[in-house]
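Peer 1: I'd like to go over a predicted model; first the sequence, then the structure.
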Amino acid sequence: MILPRIRASFDRSDAMALVELLGRSDPALRDSALARLDEGGIDALLDDPRTAVALLGEPRVSLRPQLIFYVLVRHAMLEGGVDDRPTADYLASLLLAFGFENRAWRISDDAREEFHYLVDLVARMGEATDGRDAFLLPAHMGNYALWLTGMFPDFVESRRQRRGAPSYRYYESMGSAGFRSAAATPLAAKLGIDGLLREVAASFGRLRMALNRLSDRHLWRGAGDPVSQLLREMQWRGAELGEG
């Protein structure tokens, strides 16, 4: 089960690691970072653009993976005009979870069955009688659609062109529907994430674009096709406007 728990895990040691990162080559910046930490808490450092720059520019970074993923996701979202910390927390948690083995194809850490197609998840949702599965199946449909189109957009487009696979609009529609269905379950309300899931559903397109920026710059940097990236953005913007 993927829950937004990364921000809650940050402690004083994480904050001081950010202070040291920012002030590694500038004592004055270190003092400024420490003052901002005392005044505004760790979010004052996490949201500072200089943190992302230092994180990517320093040759030796000794920060926890959770902290690194959160910063990268948060700033990719801010660049796209999405200023919502719980959503950034959720996306970072999603990326970390799906980075382990074949977790992206399973609805939970303890599940054995794998789903490689959204249509198979839909079929299983119609059979779900357990309250936990009634939440996990649609939530995973949203998570998988967002992860796939966000982190591997060129793969999605290539498969569509070569094999007639579903378009981006299909994934956005199915993913958003999955998040909305998950948000409507009693378990989502019990976990206190029903509102968050509805927000993710409503912002699916912009969140996908934020993950595209992260993927293009840090996962496949130097390997992407700028023309394909431009066409991809045009296609998505057209979908958002109801065109095509």
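Peer 2: Structure's in. What do you need?

Peer 1: measure the residue nearest to A182 when sequence neighbours are not counted to G175 for me?
Peer 2: Nearest non-adjacent residue to A182, counting by C-beta to C-beta, 6 or more residues apart in numbering: A139, 3.8 Å away. The C-beta positions use only the backbone N, C-alpha and C, and glycine is treated the same way. In this view, A139 and G175 are 11 Å apart by C-beta to C-beta, to the nearest Å.

Peer 1: sorry, back to before: the residue nearest to A182: which element?
Peer 2: A139 belongs to helix 131-151 when elements are defined using DSSP states H and E.

Peer 1: in that helix, what's buried?
Peer 2: 133-151 (16 or more other C-beta atoms under 10 Å).

Peer 1: so where's this protein shaky on pLDDT?
Peer 2: 59, 164, 220-244 (pLDDT under 70).

Peer 1: closest to the centroid, which residue in it?
Peer 2: L91 (2.7 Å; C-alpha atoms, centre = their mean).

Peer 1: just to check, that residue is in contact with R206?
Peer 2: No. Because the distance of 11.3 Å does not satisfy C-beta atoms under 8 Å, L91 is recorded as not touching R206.

Peer 1: which neighbours do those two have in common?
Peer 2: Between them, L91 and R206 share these contacting residues under C-beta atoms under 8 Å, 6 or more residues apart in numbering: M77.

Peer 1: can you count the residues close to T87?
Peer 2: 22 (other C-beta atoms under 10 Å).

Peer 1: where's R112 relative to W105, distance?
Peer 2: For R112, the distance to W105 under the criterion C-beta to C-beta works out to 11 Å.

Peer 1: okay, the two: which has more neighbours?
Peer 2: W105 (15 against 6).

Peer 1: residue contacts, the more buried one?
Peer 2: 114-116, 144.

Peer 1: again, only using 10 Å
Peer 2: 98, 111, 113-117, 140, 144 (C-beta atoms under 10 Å, 6 or more residues apart in numbering).

Peer 1: from those, which would you call buried?
Peer 2: Buried among the contacts of W105 by 16+ other C-beta under 10 Å: 98, 115, 140, 144.

Peer 1: please look at the first one and A92 and confirm they touch.
Peer 2: No. The pair F98 and A92 does not pass the contact test of C-beta atoms under 10 Å, sitting 11.1 Å apart.

Peer 1: tell me the one of the contacts of W105 nearest R217?
Peer 2: Nearest to R217, judged by C-beta to C-beta, of these is F98 at 18.5 Å.
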